[in-house]
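>>> A structural model of the following input is requested.
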Amino acid sequence: MPKTKNRHNNAFKPLPKGENGGIRLLLIHNIEHLGKQGDIVEVKPGYANNYLLPQGMATVATEHHKRMVEKHREKLRQLELEKLVEYRSRAAEISRQSITIEANANDEGLLYGSVGAHDIAEGLKAVGISVPQDQIRLQGPLKELGLYTVKIHLHAEVDAELKVWVVPTVSAEEQAATR
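Below you'll find the model as predicted:
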């Protein structure tokens with residue numbers, strides 16, 4: 001019987017270990033709370049193997065990759081500056097906006113439910129601005145009628161402030177009575 005070559009013997013090289021026992025990786029993209037593009041970071045093996053490497057967010061920190069990043073660092077810096085300008089103009093656009101959200105409330109102005117990030121994202125979408133819910137930073141759900149200033153986190157260095165009016169829902173009978 002011929003001996004078959006085990007192709008897995010050389011396929012897996014151990015990932016480089018850092019001084020704290022984690023895996024040393026070179027970031028390909030900016031990752032919030034971890035680092036910027038081109039940084040060498042040390043992460044837990046599970047985070048490296050299950051998220052960063054399969055998603056293409058990082059690569060093994062070899063000397064070749066480090067040289068390549070150094071070579072392209074100025075280009076990366078220029079791209080990052082362009083993105084920042086874009087994010088800042090978007091933040092200015094959002095800050096000029098004011099959205100109104102209707103909600104059911106009692107006579108004291110307390111809402112029967114609450115207004116959350118989903119409602120604010122929908123309100124922004126109605127005026128032509130698309131923002132993911134996870135970028136809307138609320139201190140907690142809005143539970144009263146009134147004017148709120150909500151922070152929209154667009155980038156690590158760019159936040160926008162949006163004015164959100166929470167007003168009582170106008171029923172069909174009330175609309176007919178005001179005519």
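>>> residues in contact with the residue nearest the centre of the chain?
Closest to where the C-alpha atoms of the chain average out (CA atoms, centre = their mean) is Gln135, at 5.4 Å. Counting by CB atoms under 8 Å, 6 or more residues apart in numbering, Gln135 makes contact with Ile152, His153, Leu154. For every residue, glycine as well, the C-beta is placed using N, CA and C.
>>> top of those residues by neighbour count?
For the contacts of Gln135, counting by other CB atoms under 10 Å, the largest number of neighbours falls to Ile152: 24 neighbours.
>>> list phi and psi for that residue.
Backbone torsions of Ile152, given as degrees, to the nearest 10, read phi -110, psi 120.
>>> what helix or strand is the closest residue to it other than its chain neighbours located in?
Excluding the flanking residues, the one nearest Ile152 by CB to CB, 6 or more residues apart in numbering is Ala160, at 4.4 Å. According to DSSP states H and E, Ala160 maps onto strand 158-168.
>>> can you name every helix or strand that that strand contacts?
Secondary-structure packing of strand 158-168 (3 or more CB pairs under 8 Å, 6 or more residues apart in numbering; DSSP states H and E): helix 63-96, strand 98-103, strand 110-115, helix 117-126, strand 142-144, strand 146-155.
>>> what angle do the first one and strand 158-168 make?
Right, helix 63-96. For helix 63-96 against strand 158-168, the angle by axes from the mean of the first three to the mean of the last three CA atoms, to 10 degrees is 40 degrees.
>>> next one: the second one
In terms of direction (the same axes, to 10 degrees), strand 98-103 departs from strand 158-168 by 40 degrees.
>>> residues in contact with strand 98-103?
Contacting residues not belonging to strand 98-103 are listed as 111-113, 115, 119-120, 123-124, 126-127, 145, 162-170 [CB under 8 Å, 6+ apart].
>>> hang on, isn't Ile28 packed against Ala58?
Yes - between Ile28 and Ala58 there is a contact at 5.8 Å, judged by CB atoms under 8 Å.
>>> all set, thanks.
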